[in-house]
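*Asks:* I'll drop the sequence and a predicted model, then ask my questions.
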Amino acid sequence: MRAGTVQGQSLGIVVVLAPALFAVAALAGYPSAGAAIGAGLLLGSANGFLIQSTFDRRAPILATSFVRLALFTGVAFGAAALTGMPIMPLVGGLALAQLVMVGVGVRQGIRR
């Protein structure tokens, strides 16, 4: 992972954001939801690395998008089942990680 890449910057933001959101949720009385959001954020940050791997291998984007969607859905449901975390905050964390990645990408695009 190179510093300054969309994936690297997104991971850095998510690593800071996940514990912060957990702390806020815990202070509000929802520690399990905060843990689920944090887990979803960290899990969702892996998507950028998988996308880059897809580009590097020149694999078909449409097919690999379906595979990634199925993979993350399965992992989210599995994590929720194994840990007892609520599923919706976990999926919300996955979605938030994608928004972070898009925001970083847009910011880099505007700079250039």
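*Replies:* Cool, got the structure. Numbering: from 1, shown residues only.
*Asks:* and the residue in the chain sticking out farthest from the centre, what does it touch?
*Replies:* Distance from the centre of the chain peaks at R112, with 25.0 Å (C-alpha atoms, centre = their mean). Listed by C-beta atoms under 8 Å, 6 or more residues apart in numbering, the contact set of R112 is empty. All C-beta spots, glycine's among them, are computed from the backbone N, C-alpha and C.
*Asks:* cool, A97 as well?
*Replies:* 10, 14, 40-45, 47.
*Asks:* repeat that with 7 Å
*Replies:* 14, 40-41, 44-45, 47 (C-beta atoms under 7 Å, 6 or more residues apart in numbering).
*Asks:* how near is it to G4?
*Replies:* In this view, A97 and G4 are 19 Å apart by C-beta to C-beta, to the nearest Å.
*Asks:* one more: D56?
*Replies:* Look at D56 and G4: by C-beta to C-beta, they are 17 Å apart.
*Asks:* can you check A79 too?
*Replies:* Counting by C-beta to C-beta, the gap from A79 to G4 is 30 Å.
*Asks:* who's more crowded, the two?
*Replies:* Taking other C-beta atoms under 10 Å, A79 and G4 do not tie; A79 has more neighbours (17 against 8).
*Asks:* check which helix or strand covers that one.
*Replies:* A79 belongs to helix 61-83 when elements are defined using DSSP states H and E.
*Asks:* ok, and for that helix, which residues are buried?
*Replies:* For helix 61-83, a neighbour-count test (16 or more other C-beta atoms under 10 Å) marks 64, 68, 72, 76, 79-80 as buried.
*Asks:* which helices and strands does that helix pack with?
*Replies:* Counting contacts by 3 or more C-beta pairs under 7 Å, 6 or more residues apart in numbering; DSSP states H and E, helix 61-83 packs against helix 31-44, helix 46-57, helix 87-111.
*Asks:* reformat those as TSV; add distance to V24 and mean pLDDT.
*Replies:* As requested, the helices and strands packed on helix 61-83 are exported to TSV (distance: least, C-beta to C-beta, whole Å; pLDDT from 0 to 100):
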stretch	distance to V24	mean pLDDT
helix 31-44	7	93
helix 46-57	23	89
helix 87-111	12	92
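*Asks:* and among these, the most buried is which?
*Replies:* Counting by mean count of other C-beta atoms under 10 Å, helix 31-44 has the highest mean neighbour count of the helices and strands packed on helix 61-83, with a mean of 22.
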